[in-house]
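**Student:** Next comes the sequence, and after it the predicted model I'd like to discuss.
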Amino acid sequence: MLLSRYLLPVMKETPADAQIVSHQLMLRAGLIRQTAAGIYAWLPLGLRVLDRIADIVRREQNRAGAVELLMPTIQSADLWRQSGRYDAYGPEMLRFQDRGGREMLYGPTNEEMITSIFRDCVKSYRDLPRTLYHIQWKFRDEVRPRFGVMRGREFLMKDAYSFDMDEEGGRASYDAQFTAYLRTFAALGLRAVPVRAPTGPIGGDLSHEFHILADTGESEVFYDSALDAVDLTDPDAPATLRGLYAMEAEEHEKVVNCPVPPERLAKRRGIEVGHIFFFGTKYSAAMGMQVQAKDGSLVNPLMGSYGVGVSRLMGAIIEASHDSAGIVWPDSVAPFDVGLINLRVDDAACSEAAHALQAKLEAAGLSVLHDDRDARGGEKFATMDLIGLPWAITIGPKGVAAGTVELKRRATGEKHEVSFESVLAKLI
Ligand code: ATP
Ligand code: MG
Ligand code: MG
Ligand code: MG
(Lines give C-alpha, C1' and ligand atoms only; values in the text may rest on other atoms or scores of the structure.)
(Ligands and ions follow the chains in the order given, each with its own letter.)
Protein backbone atom coordinates (compact mmCIF):
# COMPACT_ATOMS: atom_id res chain seq x y z
CA MET A 1 0.00 0.00 0.00
CA LEU A 2 1.30 3.41 -0.95
CA LEU A 3 0.78 6.03 1.73
CA SER A 4 0.47 8.68 -0.98
CA ARG A 5 -2.79 6.95 -2.04
CA TYR A 6 -4.04 6.14 1.45
CA LEU A 7 -6.26 8.01 3.90
CA LEU A 8 -4.24 8.49 7.06
CA PRO A 9 -5.13 11.77 8.80
CA VAL A 10 -2.61 11.75 11.66
CA MET A 11 -2.56 14.54 14.23
CA LYS A 12 0.41 15.98 16.07
CA GLU A 13 -1.54 17.49 18.93
CA THR A 14 -3.47 15.55 21.52
CA PRO A 15 -7.20 16.16 20.97
CA ALA A 16 -8.57 18.07 23.95
CA ASP A 17 -11.80 16.07 24.18
CA ALA A 18 -10.06 12.70 24.55
CA GLN A 19 -9.35 11.83 28.18
CA ILE A 20 -7.64 8.47 28.01
CA VAL A 21 -4.56 7.53 26.07
CA SER A 22 -6.17 4.93 23.82
CA HIS A 23 -8.82 7.41 22.69
CA GLN A 24 -6.17 10.08 22.08
CA LEU A 25 -3.99 7.70 20.10
CA MET A 26 -6.86 6.30 18.05
CA LEU A 27 -7.72 9.82 16.93
CA ARG A 28 -4.11 10.89 16.46
CA ALA A 29 -3.16 7.78 14.48
CA GLY A 30 -6.08 8.23 12.10
CA LEU A 31 -7.93 5.06 13.10
CA ILE A 32 -11.37 6.53 13.81
CA ARG A 33 -13.46 9.66 13.42
CA GLN A 34 -16.42 10.51 15.59
CA THR A 35 -19.53 11.22 13.53
CA ALA A 36 -22.03 11.67 16.42
CA ALA A 37 -21.76 11.12 20.19
CA GLY A 38 -20.52 7.56 20.72
CA ILE A 39 -20.70 6.76 16.99
CA TYR A 40 -17.54 6.35 14.95
CA ALA A 41 -16.42 5.92 11.38
CA TRP A 42 -13.60 3.41 11.05
CA LEU A 43 -10.92 4.91 8.84
CA PRO A 44 -8.87 2.57 6.63
CA LEU A 45 -6.13 1.90 9.19
CA GLY A 46 -8.63 1.38 12.03
CA LEU A 47 -10.73 -0.96 9.92
CA ARG A 48 -7.72 -3.18 9.25
CA VAL A 49 -7.12 -3.59 12.98
CA LEU A 50 -10.82 -4.16 13.69
CA ASP A 51 -10.89 -6.90 11.03
CA ARG A 52 -7.82 -8.57 12.48
CA ILE A 53 -9.26 -8.56 16.01
CA ALA A 54 -12.52 -9.99 14.65
CA ASP A 55 -10.58 -12.67 12.77
CA ILE A 56 -8.81 -13.82 15.93
CA VAL A 57 -12.12 -13.91 17.80
CA ARG A 58 -13.61 -15.87 14.88
CA ARG A 59 -10.70 -18.33 14.72
CA GLU A 60 -11.02 -19.18 18.43
CA GLN A 61 -14.82 -19.45 18.21
CA ASN A 62 -14.49 -21.87 15.30
CA ARG A 63 -11.83 -23.82 17.16
CA ALA A 64 -14.23 -24.15 20.11
CA GLY A 65 -16.84 -25.62 17.78
CA ALA A 66 -19.11 -22.58 17.52
CA VAL A 67 -20.79 -21.99 14.14
CA GLU A 68 -20.94 -18.55 12.55
CA LEU A 69 -24.09 -16.95 11.19
CA LEU A 70 -25.14 -13.34 10.74
CA MET A 71 -28.25 -11.82 12.25
CA PRO A 72 -29.49 -8.33 11.36
CA THR A 73 -28.94 -5.20 13.44
CA ILE A 74 -32.62 -4.22 13.24
CA GLN A 75 -35.12 -6.28 15.22
CA SER A 76 -38.85 -6.14 15.76
CA ALA A 77 -40.30 -5.12 19.12
CA ASP A 78 -42.68 -8.11 18.94
CA LEU A 79 -39.76 -10.48 19.29
CA TRP A 80 -38.73 -8.77 22.51
CA ARG A 81 -42.28 -8.81 23.81
CA GLN A 82 -42.12 -12.62 23.67
CA SER A 83 -39.39 -12.67 26.29
CA GLY A 84 -40.86 -9.80 28.28
CA ARG A 85 -37.72 -7.72 27.83
CA TYR A 86 -39.13 -5.03 25.54
CA ASP A 87 -40.54 -3.01 28.41
CA ALA A 88 -37.87 -4.07 30.90
CA TYR A 89 -34.86 -3.02 28.83
CA GLY A 90 -35.16 0.71 29.38
CA PRO A 91 -33.74 3.77 27.61
CA GLU A 92 -30.50 2.09 26.50
CA MET A 93 -32.55 0.54 23.70
CA LEU A 94 -32.91 2.62 20.55
CA ARG A 95 -36.54 2.26 19.45
CA PHE A 96 -38.20 3.53 16.28
CA GLN A 97 -41.05 2.81 13.88
CA ASP A 98 -40.99 1.77 10.26
CA ARG A 99 -43.27 3.47 7.69
CA GLY A 100 -46.06 1.02 8.54
CA GLY A 101 -45.97 2.10 12.17
CA ARG A 102 -44.41 -1.17 13.33
CA GLU A 103 -42.19 -0.83 16.36
CA MET A 104 -38.58 -1.70 15.66
CA LEU A 105 -35.30 -1.46 17.51
CA TYR A 106 -31.58 -1.50 16.85
CA GLY A 107 -30.42 -4.65 18.64
CA PRO A 108 -28.43 -4.17 21.87
CA THR A 109 -27.98 -7.99 22.04
CA ASN A 110 -29.53 -11.02 20.32
CA GLU A 111 -30.88 -13.58 22.81
CA GLU A 112 -34.45 -13.21 21.55
CA MET A 113 -33.55 -13.39 17.88
CA ILE A 114 -31.32 -16.46 18.14
CA THR A 115 -33.93 -18.19 20.30
CA SER A 116 -36.60 -17.58 17.67
CA ILE A 117 -34.31 -18.83 14.87
CA PHE A 118 -33.43 -21.95 16.81
CA ARG A 119 -37.11 -22.47 17.71
CA ASP A 120 -38.02 -22.46 14.01
CA CYS A 121 -35.15 -24.65 12.79
CA VAL A 122 -34.58 -27.26 15.46
CA LYS A 123 -37.08 -29.83 16.71
CA SER A 124 -35.04 -32.78 17.97
CA TYR A 125 -32.40 -33.61 20.55
CA ARG A 126 -30.35 -34.92 17.61
CA ASP A 127 -29.59 -31.32 16.63
CA LEU A 128 -28.15 -30.42 20.03
CA PRO A 129 -25.77 -29.33 21.43
CA ARG A 130 -25.10 -26.30 19.20
CA THR A 131 -23.28 -23.02 19.75
CA LEU A 132 -23.94 -20.28 17.20
CA TYR A 133 -22.30 -16.89 17.00
CA HIS A 134 -22.12 -13.74 14.96
CA ILE A 135 -19.97 -10.64 14.87
CA GLN A 136 -22.34 -7.74 14.41
CA TRP A 137 -22.89 -4.10 15.33
CA LYS A 138 -24.93 -3.34 18.40
CA PHE A 139 -26.48 -0.12 19.58
CA ARG A 140 -26.94 0.93 23.19
CA ASP A 141 -27.93 4.48 23.96
CA GLU A 142 -25.39 4.77 26.77
CA VAL A 143 -26.03 7.60 29.27
CA ARG A 144 -22.41 8.60 29.02
CA PRO A 145 -20.68 7.43 25.85
CA ARG A 146 -17.00 8.13 26.47
CA PHE A 147 -13.40 7.07 26.06
CA GLY A 148 -13.87 6.65 22.31
CA VAL A 149 -14.69 3.11 21.22
CA MET A 150 -14.40 1.87 24.82
CA ARG A 151 -17.92 3.02 25.54
CA GLY A 152 -19.49 3.77 22.23
CA ARG A 153 -23.19 3.77 21.47
CA GLU A 154 -22.67 1.79 18.27
CA PHE A 155 -20.10 -0.97 18.83
CA LEU A 156 -19.02 -4.29 17.39
CA MET A 157 -19.67 -7.39 19.47
CA LYS A 158 -19.14 -11.08 19.03
CA ASP A 159 -22.07 -12.78 20.64
CA ALA A 160 -22.41 -16.54 20.85
CA TYR A 161 -25.35 -18.58 22.10
CA SER A 162 -25.31 -22.21 23.25
CA PHE A 163 -28.20 -24.71 23.27
CA ASP A 164 -28.01 -27.91 25.30
CA MET A 165 -30.35 -30.69 26.39
CA ASP A 166 -29.22 -30.79 30.01
CA GLU A 167 -27.37 -28.91 32.72
CA GLU A 168 -24.19 -30.94 32.30
CA GLY A 169 -24.09 -30.20 28.57
CA GLY A 170 -24.81 -26.53 29.22
CA ARG A 171 -21.89 -26.28 31.60
CA ALA A 172 -19.62 -28.00 29.08
CA SER A 173 -20.63 -25.43 26.44
CA TYR A 174 -19.92 -22.66 28.96
CA ASP A 175 -16.50 -24.16 29.70
CA ALA A 176 -15.66 -24.35 25.99
CA GLN A 177 -16.36 -20.62 25.66
CA PHE A 178 -14.43 -19.86 28.85
CA THR A 179 -11.38 -21.57 27.39
CA ALA A 180 -11.89 -19.91 24.00
CA TYR A 181 -11.91 -16.52 25.74
CA LEU A 182 -8.58 -17.13 27.48
CA ARG A 183 -7.08 -18.18 24.14
CA THR A 184 -8.60 -15.22 22.30
CA PHE A 185 -7.28 -12.58 24.68
CA ALA A 186 -3.84 -14.20 24.84
CA ALA A 187 -3.68 -14.22 21.03
CA LEU A 188 -4.46 -10.50 21.10
CA GLY A 189 -1.45 -9.94 23.36
CA LEU A 190 -3.68 -9.25 26.38
CA ARG A 191 -3.86 -10.59 29.87
CA ALA A 192 -7.57 -10.80 30.67
CA VAL A 193 -8.58 -11.91 34.14
CA PRO A 194 -11.80 -13.92 34.54
CA VAL A 195 -13.93 -12.30 37.19
CA ARG A 196 -16.99 -13.83 38.83
CA ALA A 197 -19.82 -11.57 37.85
CA PRO A 198 -23.38 -10.81 38.88
CA THR A 199 -25.81 -12.01 36.19
CA GLY A 200 -27.92 -8.84 36.09
CA PRO A 201 -30.89 -8.42 33.72
CA ILE A 202 -29.91 -11.41 31.54
CA GLY A 203 -30.52 -13.62 34.58
CA GLY A 204 -29.18 -17.08 35.41
CA ASP A 205 -26.68 -18.42 37.85
CA LEU A 206 -23.24 -18.76 36.29
CA SER A 207 -21.36 -15.83 34.85
CA HIS A 208 -17.83 -14.52 34.36
CA GLU A 209 -16.53 -11.26 33.03
CA PHE A 210 -13.08 -10.95 31.51
CA HIS A 211 -11.19 -7.83 32.53
CA ILE A 212 -8.00 -6.20 31.36
CA LEU A 213 -6.46 -4.73 34.49
CA ALA A 214 -5.73 -1.08 33.76
CA ASP A 215 -6.02 2.16 35.71
CA THR A 216 -8.36 3.60 33.09
CA GLY A 217 -10.85 0.72 33.50
CA GLU A 218 -14.39 1.63 34.48
CA SER A 219 -14.97 -1.38 36.77
CA GLU A 220 -13.47 -2.13 40.15
CA VAL A 221 -12.19 -5.65 40.64
CA PHE A 222 -11.02 -7.51 43.72
CA TYR A 223 -8.67 -10.33 42.98
CA ASP A 224 -6.23 -12.79 44.45
CA SER A 225 -2.76 -11.47 43.65
CA ALA A 226 -1.64 -15.12 43.34
CA LEU A 227 -3.37 -14.84 39.98
CA ASP A 228 -0.50 -12.70 38.71
CA ALA A 229 1.67 -15.82 38.63
CA VAL A 230 -0.83 -17.94 36.66
CA ASP A 231 -0.03 -18.44 32.99
CA LEU A 232 -3.42 -17.77 31.40
CA THR A 233 -2.42 -19.62 28.23
CA ASP A 234 -1.57 -22.79 30.16
CA PRO A 235 -4.09 -25.49 29.11
CA ASP A 236 -4.70 -26.26 32.79
CA ALA A 237 -5.37 -22.61 33.65
CA PRO A 238 -9.13 -22.57 32.88
CA ALA A 239 -9.92 -25.08 35.64
CA THR A 240 -7.96 -23.12 38.26
CA LEU A 241 -9.34 -19.79 37.15
CA ARG A 242 -12.98 -20.76 37.49
CA GLY A 243 -12.57 -20.70 41.31
CA LEU A 244 -13.01 -17.57 43.37
CA TYR A 245 -10.05 -15.72 42.27
CA ALA A 246 -11.53 -12.44 41.26
CA MET A 247 -14.78 -10.56 41.71
CA GLU A 248 -16.41 -7.27 40.92
CA ALA A 249 -16.28 -4.88 43.86
CA GLU A 250 -20.06 -4.74 44.27
CA GLU A 251 -20.16 -8.56 44.47
CA HIS A 252 -17.26 -8.70 46.84
CA GLU A 253 -19.08 -6.51 49.31
CA LYS A 254 -21.69 -9.24 49.67
CA VAL A 255 -19.11 -11.91 50.49
CA VAL A 256 -19.15 -12.90 54.15
CA ASN A 257 -15.99 -15.01 54.36
CA CYS A 258 -13.59 -14.06 51.62
CA PRO A 259 -11.45 -17.14 50.90
CA VAL A 260 -8.55 -14.96 49.78
CA PRO A 261 -6.29 -13.95 52.69
CA PRO A 262 -6.24 -10.17 53.18
CA GLU A 263 -2.53 -9.84 52.33
CA ARG A 264 -3.19 -11.39 48.90
CA LEU A 265 -6.37 -9.47 48.17
CA ALA A 266 -5.66 -6.83 45.54
CA LYS A 267 -8.00 -4.15 44.23
CA ARG A 268 -7.56 -2.96 40.65
CA ARG A 269 -9.54 -1.26 37.93
CA GLY A 270 -10.55 -3.32 34.95
CA ILE A 271 -11.81 -2.95 31.38
CA GLU A 272 -14.60 -5.46 30.70
CA VAL A 273 -13.76 -7.01 27.34
CA GLY A 274 -15.90 -10.13 27.58
CA HIS A 275 -18.82 -11.53 29.50
CA ILE A 276 -20.25 -15.05 29.54
CA PHE A 277 -23.50 -16.31 31.09
CA PHE A 278 -25.22 -19.62 31.60
CA PHE A 279 -28.90 -18.90 32.19
CA GLY A 280 -30.63 -22.23 31.56
CA THR A 281 -34.21 -22.11 30.28
CA LYS A 282 -34.86 -18.38 30.80
CA TYR A 283 -35.49 -17.63 27.12
CA SER A 284 -36.44 -21.08 25.86
CA ALA A 285 -39.24 -21.25 28.44
CA ALA A 286 -40.44 -17.67 27.96
CA MET A 287 -40.42 -17.97 24.17
CA GLY A 288 -41.78 -21.50 23.94
CA MET A 289 -38.75 -23.08 22.34
CA GLN A 290 -38.96 -26.86 22.80
CA VAL A 291 -37.22 -29.84 21.31
CA GLN A 292 -38.11 -33.49 21.49
CA ALA A 293 -35.93 -35.52 23.85
CA LYS A 294 -34.89 -39.13 23.26
CA ASP A 295 -37.82 -40.44 25.30
CA GLY A 296 -40.30 -38.40 23.25
CA SER A 297 -40.92 -35.72 25.88
CA LEU A 298 -40.66 -32.02 25.04
CA VAL A 299 -37.80 -30.14 26.69
CA ASN A 300 -36.78 -26.47 26.89
CA PRO A 301 -33.11 -26.37 25.87
CA LEU A 302 -30.64 -24.78 28.28
CA MET A 303 -28.90 -21.72 26.97
CA GLY A 304 -25.85 -19.59 27.55
CA SER A 305 -24.72 -16.35 25.92
CA TYR A 306 -21.18 -15.15 25.42
CA GLY A 307 -20.13 -11.63 24.44
CA VAL A 308 -16.81 -10.12 23.38
CA GLY A 309 -16.44 -6.37 22.85
CA VAL A 310 -14.57 -6.49 19.54
CA SER A 311 -14.36 -2.73 19.03
CA ARG A 312 -13.71 -2.06 22.75
CA LEU A 313 -10.77 -4.47 22.51
CA MET A 314 -8.97 -2.09 20.19
CA GLY A 315 -8.97 0.55 22.92
CA ALA A 316 -7.94 -2.03 25.53
CA ILE A 317 -5.02 -3.23 23.40
CA ILE A 318 -3.75 0.34 23.02
CA GLU A 319 -4.16 1.01 26.75
CA ALA A 320 -1.96 -2.03 27.35
CA SER A 321 0.55 -1.39 24.58
CA HIS A 322 1.79 2.12 23.81
CA ASP A 323 4.65 4.48 24.66
CA SER A 324 5.22 8.21 24.53
CA ALA A 325 5.66 8.11 20.72
CA GLY A 326 2.46 6.25 19.97
CA ILE A 327 0.83 2.86 19.60
CA VAL A 328 2.85 -0.38 19.78
CA TRP A 329 0.63 -2.95 18.05
CA PRO A 330 1.06 -6.61 18.96
CA ASP A 331 2.09 -8.42 15.75
CA SER A 332 -1.21 -10.33 15.73
CA VAL A 333 -3.42 -7.26 15.16
CA ALA A 334 -1.12 -4.69 13.54
CA PRO A 335 -2.75 -2.96 10.55
CA PHE A 336 0.37 -3.62 8.44
CA ASP A 337 3.35 -5.82 9.26
CA VAL A 338 5.92 -3.38 7.95
CA GLY A 339 6.23 0.35 7.46
CA LEU A 340 8.60 1.18 4.61
CA ILE A 341 10.07 4.68 4.65
CA ASN A 342 11.64 6.15 1.55
CA LEU A 343 13.70 9.08 2.81
CA ARG A 344 14.26 10.57 -0.67
CA VAL A 345 11.37 10.20 -3.10
CA ASP A 346 13.16 12.62 -5.46
CA ASP A 347 16.09 10.19 -5.76
CA ALA A 348 15.46 7.67 -8.54
CA ALA A 349 17.69 4.97 -7.04
CA CYS A 350 16.00 5.27 -3.62
CA SER A 351 12.51 5.11 -5.11
CA GLU A 352 13.37 2.17 -7.29
CA ALA A 353 14.83 0.29 -4.31
CA ALA A 354 11.82 1.10 -2.13
CA HIS A 355 9.28 -0.09 -4.70
CA ALA A 356 11.31 -3.23 -5.35
CA LEU A 357 11.48 -4.03 -1.62
CA GLN A 358 7.75 -3.40 -1.17
CA ALA A 359 7.01 -5.85 -4.00
CA LYS A 360 9.37 -8.45 -2.56
CA LEU A 361 7.89 -8.24 0.95
CA GLU A 362 4.32 -8.34 -0.35
CA ALA A 363 5.13 -11.33 -2.55
CA ALA A 364 6.27 -13.08 0.63
CA GLY A 365 2.87 -12.44 2.20
CA LEU A 366 3.74 -9.45 4.38
CA SER A 367 1.54 -6.37 4.40
CA VAL A 368 3.48 -3.16 3.79
CA LEU A 369 2.62 0.50 4.22
CA HIS A 370 5.09 2.32 2.00
CA ASP A 371 5.62 5.97 2.91
CA ASP A 372 6.32 7.37 -0.56
CA ARG A 373 5.11 10.87 0.29
CA ASP A 374 7.17 13.91 -0.46
CA ALA A 375 7.75 14.78 3.20
CA ARG A 376 10.61 15.24 5.65
CA GLY A 377 12.27 12.24 7.25
CA GLY A 378 11.39 13.42 10.75
CA GLU A 379 7.72 13.55 9.89
CA LYS A 380 7.83 10.07 8.37
CA PHE A 381 9.55 8.58 11.43
CA ALA A 382 7.07 10.25 13.77
CA THR A 383 4.12 8.93 11.75
CA MET A 384 5.50 5.38 11.78
CA ASP A 385 6.07 5.49 15.54
CA LEU A 386 2.59 6.91 16.09
CA ILE A 387 0.78 4.26 14.05
CA GLY A 388 2.89 1.56 15.70
CA LEU A 389 3.61 -0.99 12.96
CA PRO A 390 5.80 -3.83 14.28
CA TRP A 391 8.67 -3.15 11.85
CA ALA A 392 9.98 -0.03 10.12
CA ILE A 393 12.42 -0.23 7.23
CA THR A 394 14.16 2.95 6.17
CA ILE A 395 15.70 3.40 2.75
CA GLY A 396 18.04 6.35 2.07
CA PRO A 397 20.68 7.29 -0.50
CA LYS A 398 23.66 6.16 1.61
CA GLY A 399 22.11 2.76 2.26
CA VAL A 400 21.13 2.31 -1.35
CA ALA A 401 24.75 2.97 -2.39
CA ALA A 402 25.94 0.42 0.19
CA GLY A 403 23.13 -2.08 -0.49
CA THR A 404 21.62 -1.76 3.00
CA VAL A 405 18.48 -0.60 4.79
CA GLU A 406 17.78 0.22 8.42
CA LEU A 407 15.44 -2.18 10.18
CA LYS A 408 13.73 -1.06 13.38
CA ARG A 409 11.60 -3.06 15.78
CA ARG A 410 8.86 -0.76 17.10
CA ALA A 411 8.41 -2.51 20.44
CA THR A 412 12.06 -2.30 21.52
CA GLY A 413 13.39 0.54 19.40
CA GLU A 414 16.27 -1.74 18.34
CA LYS A 415 17.80 -0.75 14.99
CA HIS A 416 20.05 -2.71 12.64
CA GLU A 417 21.68 -2.07 9.30
CA VAL A 418 20.86 -5.05 7.14
CA SER A 419 21.43 -5.88 3.50
CA PHE A 420 18.57 -5.70 0.98
CA GLU A 421 18.94 -9.44 0.48
CA SER A 422 18.68 -10.40 4.15
CA VAL A 423 15.88 -8.08 5.31
CA LEU A 424 13.03 -10.41 4.37
CA ALA A 425 14.57 -13.30 6.31
CA LYS A 426 14.67 -11.09 9.44
CA LEU A 427 10.92 -10.46 9.23
CA ILE A 428 9.54 -13.96 8.81
P1 ATP B 1 -20.39 -2.38 30.53
O2 ATP B 1 -20.41 -2.92 31.93
O3 ATP B 1 -19.06 -1.89 30.12
O4 ATP B 1 -21.51 -1.40 30.28
P5 ATP B 1 -22.01 -4.55 29.71
O6 ATP B 1 -21.84 -5.41 30.92
O7 ATP B 1 -23.22 -3.70 29.64
O8 ATP B 1 -20.71 -3.63 29.55
P9 ATP B 1 -22.45 -6.88 28.07
O10 ATP B 1 -23.93 -6.83 27.93
O11 ATP B 1 -21.86 -7.86 29.01
O12 ATP B 1 -21.89 -5.40 28.36
O13 ATP B 1 -21.86 -7.05 26.57
C14 ATP B 1 -20.75 -7.88 26.21
C15 ATP B 1 -19.50 -7.07 25.91
O16 ATP B 1 -19.76 -6.02 24.97
C17 ATP B 1 -18.92 -6.35 27.11
O18 ATP B 1 -18.15 -7.24 27.90
C19 ATP B 1 -18.08 -5.26 26.46
O20 ATP B 1 -16.81 -5.77 26.11
C21 ATP B 1 -18.87 -4.93 25.20
N22 ATP B 1 -19.61 -3.67 25.36
C23 ATP B 1 -20.72 -3.47 26.10
N24 ATP B 1 -21.12 -2.20 26.01
C25 ATP B 1 -20.25 -1.57 25.19
C26 ATP B 1 -20.14 -0.23 24.71
N27 ATP B 1 -21.03 0.69 25.04
N28 ATP B 1 -19.12 0.07 23.88
C29 ATP B 1 -18.22 -0.88 23.52
N30 ATP B 1 -18.28 -2.16 23.95
C31 ATP B 1 -19.28 -2.51 24.77
MG1 MG C 1 -23.50 -1.69 29.87
MG1 MG D 1 -20.74 -4.83 32.70
MG1 MG E 1 -21.32 -7.40 31.00
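**Tutor:** Sure thing, it's come through. Ligands and ions are numbered 1, 2, ... in the order given.
**Student:** hey, let's count contacts and neighbours off CA atoms from now on
**Tutor:** Fine.
**Student:** Next one: whichever residue of the stretch 51-200 of the chain sits closest to ligand 1 from F381, what distance?
**Tutor:** Residue nearest to ligand 1 within the stretch 51-200 of the chain: R151 (3.6 Å; CA to the nearest ligand atom). For R151, the distance to F381 equals 31 Å [CA to CA, to the nearest Å].
**Student:** Could I get the phi/psi values of L213?
**Tutor:** As for L213, its main-chain torsions (degrees, to the nearest 10) stand at phi -70, psi 120.
**Student:** What residues does whatever residue of the stretch 301-428 of the chain ends up closest to ligand 1 make contact with?
**Tutor:** Nearest to ligand 1 in the stretch 301-428 of the chain, going by CA to the nearest ligand atom, is G309, at a distance of 3.3 Å. By CA atoms under 8 Å, 6 or more residues apart in numbering, G309 lies in contact with 155-158, 273-274.
**Student:** out of those residues, who's near ligand 1?
**Tutor:** Contacts with ligand 1 are made by 155, 157, 273-274 out of the contacts of G309, judged by CA under 6 Å from any ligand atom.
**Student:** Take the residues you listed and write them to TSV, including neighbour count, secondary structure and pLDDT.
**Tutor:** TSV is the format used below for the ones next to ligand 1 among the contacts of G309 (neighbours: other CA atoms under 10 Å; DSSP: H, G, I helix; E, B strand; the rest coil; pLDDT from 0 to 100):
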residue	neighbour count	secondary structure	pLDDT
F155	21	strand	98
M157	25	strand	98
V273	25	strand	98
G274	26	strand	98
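**Student:** for ligand 1, what are the nearby residues on the stretch 1-150 of the chain?
**Tutor:** 149-150.
**Student:** can you pull out the helices in the stretch 1-150 of the chain?
**Tutor:** 21-28, 44-63, 77-83, 85-88, 111-121 (DSSP state H, counting those that start in this stretch).
**Student:** And the contacts of the fourth one?
**Tutor:** The list of residues contacting helix 85-88 from outside it, by CA under 8 Å, 6+ apart, reads 77, 80-81.
**Student:** likewise the last one?
**Tutor:** Contact with helix 111-121 is made by 71, 75, 79-80, 82-83, 161, 283-284, 287-290, 305, as judged by CA under 8 Å, 6+ apart.
**Student:** can you list the domain ranges for this structure.
**Tutor:** 3-323, 338-427 (the TED database).
**Student:** Pull up the distance across the longest one, start to finish.
**Tutor:** In other words, domain 3-323. By CA to CA, one end of domain 3-323 lies 23 Å from the other end.
**Student:** Any chance of a ChimeraX selection covering the buried ones in the contacts of helix 111-121?
**Tutor:** Buried residues among those (16 or more other CA atoms under 10 Å), as a ChimeraX selection:
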select :71,75,79,80,83,161,283,284,287,288,289,290,305
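**Student:** In JSON lines: the contacts of helix 111-121, plus pLDDT.
**Tutor:** Output for the contacts of helix 111-121, formatted as JSON lines (pLDDT from 0 to 100):
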{"residue": "M71", "pLDDT": "98"}
{"residue": "Q75", "pLDDT": "98"}
{"residue": "L79", "pLDDT": "98"}
{"residue": "W80", "pLDDT": "98"}
{"residue": "Q82", "pLDDT": "97"}
{"residue": "S83", "pLDDT": "97"}
{"residue": "Y161", "pLDDT": "98"}
{"residue": "Y283", "pLDDT": "97"}
{"residue": "S284", "pLDDT": "98"}
{"residue": "M287", "pLDDT": "98"}
{"residue": "G288", "pLDDT": "97"}
{"residue": "M289", "pLDDT": "98"}
{"residue": "Q290", "pLDDT": "98"}
{"residue": "S305", "pLDDT": "98"}
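**Student:** low pLDDT regions in the protein?
**Tutor:** 198-205, 240, 242-243, 245, 256 (pLDDT under 70).
**Student:** And what about P194, helix, strand or coil?
**Tutor:** strand (DSSP: H, G, I helix; E, B strand; the rest coil).
**Student:** So which of the helices of the stretch 1-150 of the chain is the most surrounded?
**Tutor:** helix 21-28 (a mean of 24; mean count of other CA atoms under 10 Å).
**Student:** thinking again about what came up before, and the contacts of helix 85-88 as JSON lines, adding distance to L232?
**Tutor:** Formatted as JSON lines, those follow (distance: CA to CA, whole Å):
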{"residue": "A77", "distance to L232": "41"}
{"residue": "W80", "distance to L232": "38"}
{"residue": "R81", "distance to L232": "41"}
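**Student:** Which single one of these is nearest to V328?
**Tutor:** Minimum distance to V328 across the contacts of helix 85-88 is 42.5 Å, recorded for W80 (CA to CA).
**Student:** Which residue, other than its chain neighbours, is closest to that closest one?
**Tutor:** Distance criterion CA to CA, 6 or more residues apart in numbering; nearest residue to W80, sequence neighbours excluded, is Y86 at 4.8 Å.
**Student:** can you tell me the helix or strand for F210?
**Tutor:** Following DSSP states H and E, the helix or strand that holds F210 is strand 206-213.
**Student:** actually E417, sorry about that
**Tutor:** strand 415-419.
**Student:** residues from the stretch 151-300 of the chain in reach of ligand 1?
**Tutor:** 151-153, 155, 157, 272-275.
**Student:** May I ask which two of the residues you listed are separated the most?
**Tutor:** Checked with CA to CA, these reach their widest spread between R153 and H275, with 17.8 Å between them.
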